[in-house]
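Asks: Predicted model, plus sequence, below.
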Amino acid sequence: MNAKLQRYVLELAETFRFPEPVFVTRPSLPSLEEYMQALKPAWAQRWISNSGCLHQQLETELKHLLEVPFLNLFCNGSIALLIVLKALGLEKGNVITTPFTFPATVNVLHWCNLQPVFCDIQPHTYNLNPECLEERLTPETRAILPVHVFGTPCDIERIQSIADTYGLPVIYDAAHAFGVRFRGRSILTYGTASMVSFHATKVFTTAEGGAVACAQEDLYNRMQLLKNFGIANEDSVVVPGINGKMSELQAALGLTMLGVISSQKRAREHIAHIYSTRLAGEPGITLLKPMPNVESNFAYFPIRVNQEQFGLSRDLLYEVMKQFNVYCRKYFYPLCATLPWINELKQTSLPEAEAAANQVLCLPLYSDFAPEQASIICDILLQIGAYARRISL
Ligand code: T4K
């Protein structure tokens, strides 16, 4: 870091450094007493996994809340995605997906012996660009796996129309999209199936966990078998399944979260509003624009940093923020197309995804993050940017 900037950062940190580390997210947990209360039925029955009463209750409640015909719970989102691909019989060939995602999306394809074929992204949503989709189709294409990145819905209608033309299933990685609605409908009702993650960093959490929503009962039943070793009954094991089950301890946490998700969402919205208002118009910082017909879940707050206009690169800003005890995240860097076991960049030009991977930074956003803290983050960003431009780093 340039010596002048370092001196300025140290000076500014005397006023603005947070006493405790501020992470990109934190799970908002119920009290321990509430959690213990929720666990009581499992303890009473000494039934702590394998579709116990809490698991059943959570599955039913989430199915209603998320307005989906069928919903299957899993031990985590990655296994959920793996199992839905297996349940759809996708075992070889190509799957078109986005490179701008968490490694889980493409690693799951790798585990299923499916070759990811990357499609570039739309710069204004960070989602797979359907305009590039058709040119990536080949006779080897078996499915489309788009991601609702940061909870922003993909161009669902265009993707579905291409999928229908070529008779392909669309499996949405909706890991970030719990509770998002598009055109008055739950986002999870679109496509052949959607996977949502309940990891500790997500807006609805079971510590580790996830679910797949789908409209077909037979797909639900196949996933049911695959997540329980393929066991149909005590005398027959009918498919080579795996253990993908959610435990009662996870389900109990989920049940306690159900009562607070609306208020938590309002709190996140308030933080997002502070960031949006204060950072709008800042040179070199681009925010995601709210989309029409979308009810957001305010899961992430990505900003895009243009080095020339802001004065600092995204990577330098990330380092500078650490000096204020603020741990932002470079979601999603490195680009999945560059992972050594995937390395598809050689064949594909992905300029928008590469630029996003080098410029996007997620700011802290969670429901008990104080609005005053969000304001301080804005103060830091604005002052650092103004200084960097003044001394033209
Ligand atoms: N598809 C997509 C598009 C995904 O983004 C993900 C997961 C998946 C699929 C797979 O779903 P799961 O199999 O995970 O259900 C985090 C999460 O681990 C990961 O679930 C998530 N996406 C990804 C976007 O974020 P990391 O490597 O950033 O996690 P970590 O442990 O560094 O946590 C981030 C921050 O959260 C920490 O700095 C502090 C805070 N934190 C974390 C944990 C675990 C807490 O405050 N408490 C905690 O318990 O990946």
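Replies: Perfect, I can see it now.

Asks: and the closest residue to Leu109 other than its chain neighbours, how many neighbours?
Replies: Counting by C-beta to C-beta, 6 or more residues apart in numbering, Pro116 is the residue found nearest to Leu109 once chain neighbours are left out, at 4.8 Å. All C-beta spots, glycine's among them, are computed from the backbone N, C-alpha and C. The number of residues packed near Pro116 is 24, by other C-beta atoms under 10 Å.

Asks: what's across from Pro116 in the sheet?
Replies: Counting by DSSP bridges, Pro116 is bridged to Val95.

Asks: tell me the phi and psi of Cys75?
Replies: phi -70, psi -30 (degrees, to the nearest 10).

Asks: same deal with Ser197?
Replies: Taking degrees, to the nearest 10 as the convention, Ser197 sits at phi -100, psi 140.

Asks: what about the residue nearest to Leu109, distance to Val360?
Replies: According to C-beta to C-beta, to the nearest Å, Pro116 stands 20 Å off from Val360.

Asks: try Tyr333
Replies: When Tyr333 is compared with Val360 (using C-beta to C-beta), they lie 8 Å apart.

Asks: Mind checking which of these two has more residues around it?
Replies: Between Tyr333 and Val360, counted using other C-beta under 10 Å, Val360 has the larger neighbour count: 24 against 18.

Asks: quick one: contacts for the residue in the chain that the ligand sits nearest to?
Replies: Closest approach between the chain and the ligand, counting by C-beta to the nearest ligand atom: Gly77, at 2.8 Å. Counting by C-beta atoms under 8 Å, 6 or more residues apart in numbering, Gly77 touches Ala104, Ala175, Met195, Val196, Ser197, Phe198, His199, Gly209, Gly210.

Asks: Looking at those, which are in helices?
Replies: Ala104 (DSSP state H).

Asks: Kindly report the residues of the stretch 201-350 of the chain close to the ligand.
Replies: Within the stretch 201-350 of the chain, the positions lying close to the ligand (C-beta under 6 Å from any ligand atom) are Thr201, Gly210, Tyr327, Arg329, Tyr331.

Asks: how many neighbours does the nearest residue to the fourth one once chain neighbours are set aside have?
Replies: I take that to be Arg329. Excluding the flanking residues, the one nearest Arg329 by C-beta to C-beta, 6+ apart is Val24, at 4.2 Å. Per other C-beta under 10 Å, the neighbour tally for Val24 reads 19.

Asks: Report the separation between Val24 and Leu365.
Replies: 7 Å.

Asks: quick one, what contacts the residue nearest to Arg329?
Replies: Taking C-beta under 8 Å, 6+ apart, we find Val24 in contact with Thr201, Tyr327, Cys328, Arg329, Tyr331, Cys362, Leu363, Pro364, Leu365.

Asks: So which bits of stretch 151-169 are buried?
Replies: Gly151, Thr152, Pro153, Cys154, Asp155, Ile156, Ile159, Gln160, Ile162, Ala163, Leu168, Pro169 (16 or more other C-beta atoms under 10 Å).

Asks: Quick check: the farthest pair among those?
Replies: The most widely separated members of the buried residues of stretch 151-169, counting by C-beta to C-beta, are Gly151 and Leu168 (24.1 Å).

Asks: which residue sits closest to Val180, ignoring its sequence neighbours?
Replies: Ile187 (4.3 Å).

Asks: my guess is that neighbour contacts Thr152, does it?
Replies: No - the pair Ile187 / Thr152 is not scored as a contact, 9.8 Å apart, by C-beta atoms under 8 Å.

Asks: Can you work out which residues contact both of the two?
Replies: The contact sets of Ile187 and Thr152 do not overlap (C-beta under 8 Å, 6+ apart).

Asks: Appreciated, that's everything.
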